[in-house]
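Chemist: give me a 3D structure for the following:
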Amino acid sequence: MKTKSSHKRLGNPLIIAFLFILLLSLAFASVTLATIPDEQLMEDSLAYESYTGKILDSETKKPVVFANVILKGTSIGTVTNADGEFLIKAPAKSDIQLLEISHIGYETKFIKLPDLEGDNASIMLSSATLPIEAVTVSYGDPVELLLTAINNIPKNYSRDPVMLKAFYRETIKQNRNYVGVAEAVLDIYKAEYGNSVGSDRPLIYKGRKSQDYKKMDTIIVKLQGGPYISLMLDIAKNPGEILSSDMMDQYVYTYGGITSVQDRQAIIIKFEPKEFVNIPLYRGSIFLDVENLAFIGMDFLLDEKKIADAAALFIRKKPASMKVDIESANYLVKYRVYEDTWYLSYVRSELNFKCKWQKKLFSSRFGLMTEMAVTDLDRENITKYKYRQTSRMSDILSEQVSQFEDPDFWGVDNIIKPDESIEAAIAKLSRKMRRRL
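Modeler: This is a model prediction of the structure:
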């Protein structure tokens, strides 16, 4: 649906701090209450037209979360939210006519922009899978296949420490408005796989944030953990509550067919909590490389059946007179292969919740997002940073990022644009993000 942009400034807030902890023994990174200046947004709205839509699975009719939506032929893009919805801005008076929509495990689809001008533009994505029978005959029991993939981790992933360069972003939305954005360029000491003692150490090289408390209406939300948490979602290194040996018997694992991921054939293994499980757990899909059973990626979410019981596990601190309902928690992890060795390449997480004061009519909805994309790999120049230098689980990024601000580094791109895809942000900074030897 095509819309016109509008922006309204809210009154001064009553400041209340929250810390949210993820169920996978992880924490969301800290998000400050900030936004792009209204003047800049108004200038942007004059030059762009906004389009909205909703991406659904063609079979289940359920929302497709974290689908990539890109204006074909450009670096302008976004991803769908927990409801499968997206908003994308196309330059006015341009020749751009097509949206390219893709997601791991689905066939890529192209949509004409004029087709999004209706009120309820729903787009169906079809699974890019071969028949399940072919998988079952070839590989047998999915649990045994997963156990083999886990045992193969030391062989498929780096057995030596490496250095990664990454771009990290975290945002917070109140209802549909961005109220907090922080970004950082990271140098990461990535410990070897198969070694439970070794831990990853992310060092902030450059950072920035946008801050304006007047945008909030009653609540200030903070996220704890920063870039450290994105690294903890590396399931090949940190199996968490899905692939750890003491949790696998809590799930039902089934085959979902074979699909194409990064031009490689991948086996899909679907998982969901068993009926008798009475704690909040996850459901989703694991993608294994057909050739060597490496983990190519995992797309998962907090199971809706127990989501009502999840608030106590997510919330670290809140006022006694406020009720918080978790509405969704979604995660996406991807890997890439380089010279027959697999490395972490992309991590995204999103938490959506509603806050309501007792004895008051109004409530607020919040969406918290963290995203990290790896841009460079160095296997020779290794620096094992000291713990005190690096981001840790107890950190709140927005309270630290001012130490790493450098307007000269960002140059003409020194305005944060939360609707801009992380790929587009990386493309602008590509020269500056190359590893410094």
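
Chemist: elements contacting the helix or strand containing Tyr335?
Modeler: If you go by DSSP states H and E, Tyr335 is part of strand 322-338. Using 3 or more CB pairs under 8 Å, 6 or more residues apart in numbering; DSSP states H and E, the elements in contact with strand 322-338 are strand 295-302, helix 311-314, strand 341-357. For every residue, glycine as well, the C-beta is placed using N, CA and C.

Chemist: list the buried ones in the last one?
Modeler: Within strand 341-357, the residues that qualify as buried are 341-353, 355-356, counting by 16 or more other CB atoms under 10 Å.

Chemist: could I get the helices and strands packed on strand 322-338 in TSV, plus columns for mean pLDDT and distance to His103?
Modeler: What follows is the helices and strands packed on strand 322-338, written out as TSV (pLDDT from 0 to 100; distance: least, CB to CB, whole Å):
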stretch	mean pLDDT	distance to His103
strand 295-302	93	8
helix 311-314	74	25
strand 341-357	90	12
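
Chemist: break this protein into its domains for me.
Modeler: Structural domains annotated on the chain: 2-11+38-125, 130-428, as defined by automatic domain parsing.

Chemist: now do the buried residues in stretch 167-184.
Modeler: Under the neighbour-count criterion of 16+ other CB under 10 Å, stretch 167-184 has 167-174, 178-184 buried.

Chemist: shaky segments in the stretch 1-150 of the chain?
Modeler: Where the stretch 1-150 of the chain drops to pLDDT under 70, the residues are 1-46, 75, 93, 118-120, 130-139.

Chemist: apply 50 and report the result again.
Modeler: By pLDDT under 50, the weakly predicted segments of the stretch 1-150 of the chain are 3-46.

Chemist: mind listing the helices for it?
Modeler: 38-47, 132-139, 142-151 (DSSP state H, counting those that start in this stretch).

Chemist: what's the nearest residue to Ile326 once chain neighbours are set aside in contact with, if anything?
Modeler: Leaving aside its chain neighbours, Ile326 sits nearest to Ala310 (4.5 Å; criterion: CB to CB, 6 or more residues apart in numbering). By CB atoms under 8 Å, 6 or more residues apart in numbering, the contact set of Ala310 is 23, 280, 302, 326, 329.

Chemist: I'd assumed Glu241 was in a helix, is it?
Modeler: Yes - counting by DSSP: H, G, I helix; E, B strand; the rest coil, Glu241 is part of a helix.

Chemist: which two in the buried residues of stretch 167-184 are spaced the farthest apart?
Modeler: Phe167 and Gln174 (24.4 Å; CB to CB).

Chemist: ok, Asn278 - how many residues close by?
Modeler: 10 (other CB atoms under 10 Å).

Chemist: residue contacts, it?
Modeler: Residues in contact with Asn278 (CB under 8 Å, 6+ apart) are Lys306.

Chemist: before we move on, what about Ser126?
Modeler: By CB under 8 Å, 6+ apart, the neighbours of Ser126 are 58-59, 106-107, 109.

Chemist: helix/strand/coil for Ser245?
Modeler: coil.

Chemist: and Gly297, how far is that from Ile150?
Modeler: 15 Å (CB to CB, to the nearest Å).

Chemist: between the two, who's got more neighbours?
Modeler: With neighbours defined as other CB under 10 Å, Gly297 and Ile150 compare such that Gly297 has more, 22 against 18.

Chemist: and that one, how far from Leu147?
Modeler: Counting by CB to CB, the gap from Gly297 to Leu147 is 19 Å.

Chemist: try Asp200
Modeler: Distance from Asp200 to Leu147, by CB to CB: 24 Å.

Chemist: please say which of these two ends up with more neighbours.
Modeler: Asp200 (21 against 14).

Chemist: mind listing what Pro273 touches?
Modeler: With CB under 8 Å, 6+ apart, Pro273 has these contacts: 250-252, 281-283, 303, 305-306.

Chemist: surely Ala373 touches Arg336?
Modeler: No - applying CB atoms under 8 Å as the test, Ala373 and Arg336 come out as separate, 10.8 Å apart.

Chemist: which residues are in contact with each of the two?
Modeler: Overlap of the contact sets of Ala373 and Arg336 (by CB under 8 Å, 6+ apart) consists of Ser345.

Chemist: settle it for me: which of those two has more neighbours?
Modeler: With neighbours defined as other CB under 10 Å, Ala373 and Arg336 compare such that Ala373 has more, 19 against 15.

Chemist: who's that one bridged to?
Modeler: Beta-bridge partners for Ala373, by DSSP bridges, are Phe167, Tyr346.

Chemist: when you give positions from now on, start the count at 47
Modeler: New numbering, starting at 47: the last item is Ala419.

Chemist: quick one: pLDDT of it?
Modeler: Ala419 carries a pLDDT value of 91.

Chemist: strands along the stretch 47-196 of the chain, start to end?
Modeler: Assigned by DSSP state E, counting those that start in this stretch, the strands in the stretch 47-196 of the chain fall at 48-49, 65-68, 72-73, 94-103, 114-117, 123-125, 131-137, 144-148, 155-158, 168-171, 175-176.

Chemist: for the ones you listed, give me a markdown table that also has distance to Tyr431 and mean neighbour count.
Modeler: Output for those, formatted as a markdown table (distance: least, CB to CB, whole Å; neighbours: other CB atoms under 10 Å):
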| stretch | distance to Tyr431 | mean neighbour count |
| --- | --- | --- |
| strand 48-49 | 45 | 14 |
| strand 65-68 | 24 | 22 |
| strand 72-73 | 20 | 22 |
| strand 94-103 | 40 | 20 |
| strand 114-117 | 32 | 21 |
| strand 123-125 | 31 | 21 |
| strand 131-137 | 37 | 19 |
| strand 144-148 | 35 | 19 |
| strand 155-158 | 43 | 14 |
| strand 168-171 | 41 | 17 |
| strand 175-176 | 42 | 18 |
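
Chemist: okay, now the spatially closest residue to Leu334 that is not a sequence neighbour: neighbour count?
Modeler: Using CB to CB, 6+ apart and skipping the chain neighbours, the partner closest in space to Leu334 is Ile313 (4.5 Å). By the measure other CB under 10 Å, the count of residues near Ile313 is 25.
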